[in-house]
Every structure is written in C-alpha cells, then in structure tokens.
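*Asks:* here's a sequence, model it:
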Amino acid sequence: MDITEVRVSIRNEERLKAYVTVTFDNCFVVRHVRIVKTDKGLLVSMPSRKLPDGTYKDIAHPISQEFRKALEAKVIAAYQEELGKQPPLSAA
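*Replies:* Just a heads-up that it's a prediction; the model follows:
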C-alpha cells in the first residue's frame, strides 16, 4: 500500500497544529488525522470517536509498526513542507 497524497491544513492553535488527509493507492482516503504538539514533540494522531464511557477509540489506524513509522514520517514531512509555504507573521 502506497501513500499517494498527503494534504495538510495548518491550524494555529496551542496544541493542534494541523489536520491532515491521507490518500492511499489513489483510491482510499483517511480524513481528520491530526498533528498535535506534545511535551515530547509532534504527534500524529489518528481519527477517533468518543465512546459512551468517555474514552476514545481510533476509527482507522496502521496495523504494523513499520507502516505506522512510514505514515508518520510522510505526514510530518508534508506538515514541515506546508509550514515552509506559510507567509511569515508580520509584527503588528
């Protein structure tokens, strides 16, 4: 399975840095992947839903560690590339 497209929508929030849409093999899309800033750095968070008991469960996620690492690397690289396209913040 190949990651054929990664679209990044930058957010300027304290913890939430971006929403990401990932396309696999030009035929399957996963939306609402998030890039979150943590104390340890950036984290790729898979889409999830809140359960009745208040916990969250991933809706879609990689099965193998190898694919998870590849997915995270592509998502973070696309995020860094998108950040490079952002105009610098002007001092007001």
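*Asks:* any idea how many residues pack against residue 28?
*Replies:* Per other Cβ atoms under 10 Å, the neighbour tally for residue 28 reads 11. The way it works is simple: take the backbone N, C-alpha and C, and place the C-beta from them, glycine included.
*Asks:* ok, what's across the strand from it?
*Replies:* Under DSSP bridges, the beta-bridge partners of residue 28 are residue 24.
*Asks:* one more: residue 38?
*Replies:* Counting by DSSP bridges, residue 38 is bridged to residue 41.
*Asks:* quick check: it vs residue 85, distance?
*Replies:* Using Cβ to Cβ, to the nearest Å, residue 38 is found at 24 Å from residue 85.
*Asks:* show the average pLDDT along stretch 20-39.
*Replies:* Stretch 20-39 carries an average pLDDT of 96.
*Asks:* quick one: buried residues of it?
*Replies:* Judged by neighbour count using 16 or more other Cβ atoms under 10 Å, the buried positions of stretch 20-39 are 20, 22-23, 30, 33-35.
*Asks:* might you report the residue contacts of the nearest residue to residue 75 once chain neighbours are set aside?
*Replies:* Computed as Cβ to Cβ, 6 or more residues apart in numbering, the closest residue to residue 75 that is not its neighbour in sequence is residue 44, at 5.0 Å. By Cβ atoms under 8 Å, 6 or more residues apart in numbering, the residues touching residue 44 are 20, 33-35, 71-72, 75-76.
*Asks:* SS state for residue 44?
*Replies:* When classified by DSSP: H, G, I helix; E, B strand; the rest coil, residue 44 comes out as strand.
*Asks:* how about the helices of the chain, start to end?
*Replies:* 65-85 (DSSP state H).
*Asks:* what bits of this protein have low per-residue confidence?
*Replies:* Counting by pLDDT under 70, the chain has low-confidence residues at 88-92.
*Asks:* what is the nearest of the buried residues of stretch 20-39 to residue 6?
*Replies:* residue 22 (5.5 Å; Cβ to Cβ).
*Asks:* and the closest one, how far is that from residue 68?
*Replies:* 12 Å.
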